[in-house]
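>>> the following block contains a protein sequence and its predicted model.
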Amino acid sequence: MPLLPGVYQATKKDGTIYYRTSFTYKNKHISLGSYPTPEESHNAYLEAITITKDLSITLDSYNRKKHILAFDKWVVLINFRDNGLYFKNPIYLKNQYFLYYLNHKVILKFDVDDLFYYSNHKIMQRGNHLFVADYGMQVSLLSRYGIHSFSVPDKDYRFMNGDNTDYRYGNIEIINRYMGVRKESESGLSQYITKIHLVGDFIVGRYPTEIEAAVAYNKAVNFLKENGIEKNFATNYVEELDAIAYASMYSRIRISRHLREHINSLNSLS
């Protein structure tokens, strides 16, 4: 008995038969998924044809209980139909930005500058953590903005319009770029406080610039390691300084006497 249109029989390694579905639209051969029966596979094929022909069908028309295609396939097909560009990931183009659908309810916004990257990197979610797989590593979405994994929302960075799904560059403000560094403002004057965590937080010092505060944190880390504190401290990479400028700033930066005395007292007890 010949298979239904759009249906292809396949066999798993364990010998189980299943059915793959695909069709061709605008000269593009598109995979629609795999199904346990030829009837379901064919229905997915028919649904794809209907979506591409009926312009009244939108993403809001999707009903998980009623439709057989996965929602991300709907996004791919409707974007291709409406905008003429095919992406393997669930992306829908808008004017100067695009939407990336994690699911029917969670929709991320990105600048068009990021289109090539996210058309080739699938966004995944674990809890509140959004990431992509890049060269075998999990790369946080926030890291593309220079936001570190330890950063705290609304303290180290913020979404300016209050929408934490809007990842357009103009909507993300970085408040604190460096490990252990926080900006303080009082009476219109700003300074940067550096803290390092041992049993509790120790103040390393207060500094007029963010870069000096970042270098002070590195100096405190080195001081602790030199004095036998076995802890996996990360350090700050300060790209604004070349090696000579960094060394000069490092040598003149002072760290708190309280921190030094605390470590010296621990060493005297050991």
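Cool, the structure landed. Residues are numbered from 1 along each chain as shown.

>>> remind me which residues of the chain are low pLDDT?
1-2, 269-270 (pLDDT under 70).

>>> so which residues of it form strands?
7-11, 17-25, 28-35, 91-93, 97-101, 107-111, 123-126, 129-134, 137-140, 157-159, 172-174, 181-186, 189-197, 201-207 (DSSP state E).

>>> so which of the ones you listed gets nearest Ser256?
For these, the distance to Ser256 is smallest for strand 201-207, at 5.3 Å, taking C-beta to C-beta. (C-beta placed from N, C-alpha, C; glycine too.)

>>> strand partners (parallel or antiparallel) of that closest one?
strand 189-197 (antiparallel) (DSSP bridges).

>>> list of residues touching the partner strand?
180-184, 201-210, 212-214, 216-217, 220-221, 224, 233, 259 (C-beta atoms under 8 Å, 6 or more residues apart in numbering).

>>> equivalent analysis for stretch 49-58, please.
Under C-beta under 8 Å, 6+ apart, the answer for stretch 49-58 is 23, 25, 69, 74, 77-78, 80-81.

>>> equivalent analysis for stretch 157-172, please.
97, 106-111, 113-114, 141-142, 145, 147, 151, 153, 173-176.

>>> please repeat the previous calculation with a cut-off of 6 Å.
With contact meaning C-beta atoms under 6 Å, 6 or more residues apart in numbering, stretch 157-172 is reached by 97, 108-111, 145, 147, 151, 173-175.

>>> distance to Arg254 and neighbour count for those - can I get that in JSON lines?
Below are these laid out as JSON lines (distance: C-beta to C-beta, whole Å; neighbours: other C-beta atoms under 10 Å):
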{"residue": "Tyr97", "distance to Arg254": "46", "neighbour count": "16"}
{"residue": "Leu108", "distance to Arg254": "44", "neighbour count": "20"}
{"residue": "Lys109", "distance to Arg254": "44", "neighbour count": "15"}
{"residue": "Phe110", "distance to Arg254": "43", "neighbour count": "21"}
{"residue": "Asp111", "distance to Arg254": "42", "neighbour count": "14"}
{"residue": "Tyr145", "distance to Arg254": "32", "neighbour count": "14"}
{"residue": "Ile147", "distance to Arg254": "29", "neighbour count": "19"}
{"residue": "Ser151", "distance to Arg254": "26", "neighbour count": "20"}
{"residue": "Glu173", "distance to Arg254": "30", "neighbour count": "10"}
{"residue": "Ile174", "distance to Arg254": "27", "neighbour count": "14"}
{"residue": "Ile175", "distance to Arg254": "25", "neighbour count": "14"}
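
>>> with those in mind, which one is nearest to Ile229?
Ser151 (23.7 Å).

>>> ok, the residue nearest in space to the middle of the chain - contacts?
Centroid-nearest residue in the chain, with C-alpha atoms, centre = their mean: Leu141, separated by 1.4 Å. Going by C-beta under 6 Å, 6+ apart, Leu141 touches Leu130.

>>> thinking again about what came up before, and the contacts of strand 189-197, which of them are buried?
Buried members of the contacts of strand 189-197, counted by 16 or more other C-beta atoms under 10 Å: 180-182, 202, 204-205, 207, 210, 212-214, 216-217, 220-221, 224, 233, 259.

>>> beta-bridge partners for Ile193, please?
Assigned bridge partners for Ile193, using DSSP bridges, are Arg182, Arg206.

>>> ok, it - how many residues close by?
16 (other C-beta atoms under 10 Å).

>>> would JSON lines of the strands of the chain with distance to Val238 be doable?
Output for these, formatted as JSON lines (distance: least, C-beta to C-beta, whole Å):
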{"stretch": "strand 7-11", "distance to Val238": "54"}
{"stretch": "strand 17-25", "distance to Val238": "51"}
{"stretch": "strand 28-35", "distance to Val238": "47"}
{"stretch": "strand 91-93", "distance to Val238": "35"}
{"stretch": "strand 97-101", "distance to Val238": "32"}
{"stretch": "strand 107-111", "distance to Val238": "27"}
{"stretch": "strand 123-126", "distance to Val238": "30"}
{"stretch": "strand 129-134", "distance to Val238": "24"}
{"stretch": "strand 137-140", "distance to Val238": "21"}
{"stretch": "strand 157-159", "distance to Val238": "18"}
{"stretch": "strand 172-174", "distance to Val238": "15"}
{"stretch": "strand 181-186", "distance to Val238": "11"}
{"stretch": "strand 189-197", "distance to Val238": "13"}
{"stretch": "strand 201-207", "distance to Val238": "13"}
